[in-house]
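Q: I'd like to go over a predicted model; first the sequence, then the structure.
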Amino acid sequence: MNLTPISVNFDIGNGRTVTIETGKLARQADGAVTVRLGDCILLATVVANKEPKPGQSFFPLTVDYQEKFASAGRIPGSFFKREGKLSDYEVLISRLIDRALRPLFPDDYLCEVQVLVTLISSDMEVMPDALACLAASAALAVSDVPIQEIISEVRVARVDGEMVINPSRSQLEKADMDFIVGATEKNIMMVEGESKECSEEDLIKAIEAAHEAIKIQVKAQEELRQLAGVAGKREYTRPHTNEELKAKVIAFAKDRIYQVAKSASSKHDRSEAFHKIEDELTESLGELPEEDQPLVGKYFHDLEKEVVRNMILDESVRLDGRSLDQVRPLNMEVDLLPSPHGCALFTRGETQSLTTVTLGTPDDELLIENAATSKYSKFILHYNFPPFSTGEVKMMRGPGRREVGHGNLALRSLKQMMPGSDYAYTVRVVSDILESNGSSSMATVCAGSLALMDAGVPMPKHVSGVAMGLISRASDGKWAVLTDILGDEDHLGDMDFKVTGTREGICGIQMDIKVDGLSMDVMRQALAQALRGRLHILEAMYACLPAARPEPKPHAPRMEKMIIDREFIGAVIGPGGKVIQEIQRETGTTINIEEVGETGEVSIFSAQREGLEKALTWIKGIVAVPEVGEVYESTVKSVMPYGAFVEFLPGKQGLLHISEISWKRLETMEGVLSEGEKVKVKLTGTDPKTGKFKLSRRVLMPKPEGYVERPERPERPDRGDRSGRPPRGDRDRDRGDRGENRDRGPRPPRPDAPFAADEE
């Protein structure tokens, strides 16, 4: 590689320029480039071993994408303060690169290759995942590692009705379509993304727009390669072959494989029958040279693939006897486990998912952190693929890249129908695959939709998914699209195409193409066939559970949400959180308060309805504005000789004067009321000078027979300001605290008063 820095530039629209440079960094790698857009810079390197490992029978490609926190001027939040293993976010980007690069290498190339892409400078508005594959492909282009073509990837999003290539983060927040597309100059290789129920034709338009942008990026890489002076690709050791042995394998096994492929309908029976033929083949060949022994299995499996593909293309007969567009038998059930908040068992043929839903509080939200952003997610989906699901024995380790990728596809699909940010629950979906023979990720989507509705999550529509396959033959141009593919059909096919959506449109897609030359006509056929399969599954799902349950199950946490004025947030929280902690402790609830503009959003969670109602009433009392004429349930806080101080709303007290406790004249408070006693009172008014509340209990009691109201004393006009003294009200104010403390309310009637009947 040339040691002098070399760069090329190209425009991606709206005045944005991408720069690819090589020859400056990581010069001992077989290929190394930096890709820059704005302040976002990615470093990509590729290194390939010169020789394959002895006995190597597969292509070992490793792709890792990592974001350095220093790229955004941040220190990792982990205990060790350094980057650890790849996050799920980084794994997903690694998969996007891997799936696009893998078909570029020759079938007989078995040397180990490692591609590393690192974010070394971050830009808050630039999405680095859209540039990662461009960087990886450019590193391969300037190396001598033998690739057959140059590729690139772009993000295409529909923002305000327009297709935008590599939109900014701000633009992406407003998009209703979001897809990553990988392609060579001639062919689409990979598509993955999500949308808010887009049509099949809209998807094709997005792919076509992305392909035009990719062609520009491929030409820029070719220019960089020429400037770098890359003469050609390295020679490599090809694996040992034996055409004579291959002919013997075909002669012995071809017809036997055909008979099994056409007659054995179950995966188990078919696998056993193929193993038996392979054992008989090995026995018939006798002793072979050591270098030829691994070829027997390779030639047998290549023949198996060829026979099955030809059977499908020539006879339209599939391994399990179905027609090309037929979905396997469906069986589904909800509410089969007593304790989870939602549950569904979805079975399609020999693929089965047991999916559960758990409803949590905002404290259960998932922190998703990368170099540029940190955000919380209230919707979580985890996918598990235990070895028994395929009848195998394997070590149980953490989720691999496949599990992360399949779970992400299901999450992106179901997310389109999830309620908005006003839905206070944190929702976790877990799909455990109990049996697998083709498209367990699509089973997860269907089971997840059923389980969410079973949990009472207010999803407006069901989401289903189906996996499509493609078989093509270059010799005569014949092809066939398969609906609801088996595991074997996925392995031997030329395309894995998963589509999810509602009756109205597409919610998610993941497509990997293993051959060149997929036309838009084939794409349209696959999408139309997928729509029919998706609708067929949706009908069965609606028959199982027509709509979301009206409320969560009795053992699920209850939730209430209320909006309060911003000024009351502090009162609900209290000094040092004292008030809100007391409410949670006394009611057994979890309370979350968020400031939203000029209001506060209070979410209350409780496993018991009683505690929820108690907390709700408590908070309503704190934020309530007392209304004259309203009746309140009050608590006696203290008893004085002239009455009792009562709390009629949280934090709001008033004096219940001795004269307002009963229609009967009371001489003393002794034995009348006690601290902690509940008393119903009516707010009869407020003192306009002091703002103190006027409370009465007696107005809520029946008036005694013969009771006569005391007449109002008329004002005497001749008693004005004759002495030059201020009016009485002003004199009271001049007395300061002494005047205030004398406010004991209205006087009790004199014993000999002629206007009050004595109940005694």
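A: Noted; the coordinates are in hand. Numbers count the residues shown, from 1 in each chain.

Q: can you list the domains in this protein?
A: 6-228, 243-260+268-315, 330-544, 558-623, 630-666+674-700 (the TED database).

Q: Relative to the whole chain's centre, how far out is the second one?
A: The reference is to domain 243-260+268-315. 45 Å (CA atoms, centre = their mean, to the nearest Å).

Q: Identify each buried residue in the longest helix along the chain, please.
A: Among the segments of the chain that qualify as a helix by DSSP state H, the longest is helix 200-228. Within helix 200-228, the residues that count as buried by 16 or more other CB atoms under 10 Å are 200, 202-203, 206-207, 209-211, 213-214, 216-218, 220-221, 223-225, 227-228. For the C-beta atoms, the positions are set from N, CA and C on the backbone; glycine is no exception.

Q: re earlier: okay, the domains of the chain in a markdown table with distance to R322 next?
A: A markdown table is the format used below for those (distance: least, CB to CB, whole Å):
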| stretch | distance to R322 |
| --- | --- |
| domain 6-228 | 23 |
| domain 243-260+268-315 | 11 |
| domain 330-544 | 8 |
| domain 558-623 | 45 |
| domain 630-666+674-700 | 66 |
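
Q: Let me see the contact set for H268.
A: Going by CB atoms under 8 Å, 6 or more residues apart in numbering, H268 touches G391.

Q: Then R169?
A: 124-127, 372-373.

Q: Likewise for R558?
A: R558 touches 552, 605-609, 612, counting by CB under 8 Å, 6+ apart.

Q: for V63, same thing?
A: V63 neighbours (CB under 8 Å, 6+ apart): 94-95, 97-98, 101, 114-117, 136.

Q: out of these, which one sits closest to I380?
A: For the contacts of V63, the residue nearest I380 by CB to CB is R95; the value is 19.1 Å.

Q: ok, now which ones touch that closest one?
A: For R95, counting by CB under 8 Å, 6+ apart, the contacting residues are 63, 401, 404-405.

Q: Now with 7 Å, please.
A: 401, 405 (CB atoms under 7 Å, 6 or more residues apart in numbering).

Q: Check which helix or strand it maps to.
A: Taking DSSP states H and E as the criterion, R95 maps to helix 88-101.

Q: before we move on, the earlier item: which of the contacts of R558 are buried?
A: 552, 605-606, 612.

Q: In helices only, show me those residues.
A: Those of these lying in helices (DSSP H): L612.

Q: In JSON lines: the buried ones among the contacts of R558, plus distance to S265 and pLDDT.
A: Shown next, in JSON lines, are the buried ones among the contacts of R558 (distance: CB to CB, whole Å; pLDDT from 0 to 100):
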{"residue": "P552", "distance to S265": "42", "pLDDT": "92"}
{"residue": "F605", "distance to S265": "50", "pLDDT": "90"}
{"residue": "S606", "distance to S265": "52", "pLDDT": "89"}
{"residue": "L612", "distance to S265": "53", "pLDDT": "90"}
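
Q: which one among the buried ones among the contacts of R558 gets closest to L409?
A: Nearest member of those to L409, counting by CB to CB, is P552, at 26.8 Å.

Q: Contact partners for the closest one?
A: 341, 359, 455-456, 558.

Q: how about the strands in the stretch 251-400 of the chain?
A: Using DSSP state E, counting those that start in this stretch, the strands of the stretch 251-400 of the chain run over residues 330-334, 342-348, 351-360, 366-369, 374-377, 379-384.

Q: Out of those, indicate the one that is most buried.
A: strand 342-348 (a mean of 25; mean count of other CB atoms under 10 Å).

Q: Now do that strand against strand 330-334, angle only.
A: Angle, strand 342-348 to strand 330-334, by axes from the mean of the first three to the mean of the last three CA atoms, to 10 degrees: 170 degrees.

Q: Surely L86 and E67 touch.
A: No. In this structure, L86 is not within contact of E67 by CB atoms under 7 Å, at 9.4 Å.

Q: With neighbour numbers in mind, choose between the two.
A: Taking other CB atoms under 10 Å, L86 and E67 do not tie; E67 has more neighbours (25 against 17).

Q: beta partners for the more buried one?
A: L119 (DSSP bridges).

Q: measure the residue nearest the centre of the chain to R74 for me?
A: By CA atoms, centre = their mean, the chain has its centre lying nearest to F379, at 4.4 Å. To R74, F379 is 25 Å away according to CB to CB, to the nearest Å.

Q: how about V466, what does it touch?
A: 327, 442, 483-484, 499, 530, 533-534, 537.

Q: what's the answer for V672, then?
A: V672 neighbours (CB under 7 Å, 6+ apart): 661, 666.

Q: Could you do K205 as well?
A: M163.

Q: Where does the prediction get shaky in the stretch 51-200 of the chain?
A: Applying pLDDT under 70 to the stretch 51-200 of the chain picks out no residues at all.

Q: Could you verify that A543 is part of a strand?
A: No. The assignment for A543, made by DSSP: H, G, I helix; E, B strand; the rest coil, is helix rather than a strand.

Q: on that earlier part again, list just the nearest of the buried ones among the contacts of R558 to R27.
A: F605 (57.1 Å).

Q: distance of that closest one from S168?
A: Taking CB to CB, one finds F605 at 36 Å from S168.

Q: same deal with K614?
A: From K614 to S168 the distance is 47 Å (CB to CB).

Q: likewise S377?
A: From S377 to S168 the distance is 21 Å (CB to CB).

Q: Can you give me the neighbour number for I257?
A: That count, for I257 with other CB under 10 Å as the rule, works out to 23.

Q: Likewise for the one 4 residues further on?
A: A261 is flanked by 21 other residues according to other CB under 10 Å.

Q: How about the one 10 residues further on?
A: Burial measure for S271: 14 neighbouring residues, criterion other CB under 10 Å.

Q: Now tabulate the buried ones among the contacts of R558 in a markdown table and tack on distance to I593.
A: Output for the buried ones among the contacts of R558, formatted as a markdown table (distance: CB to CB, whole Å):
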| residue | distance to I593 |
| --- | --- |
| P552 | 22 |
| F605 | 12 |
| S606 | 16 |
| L612 | 16 |
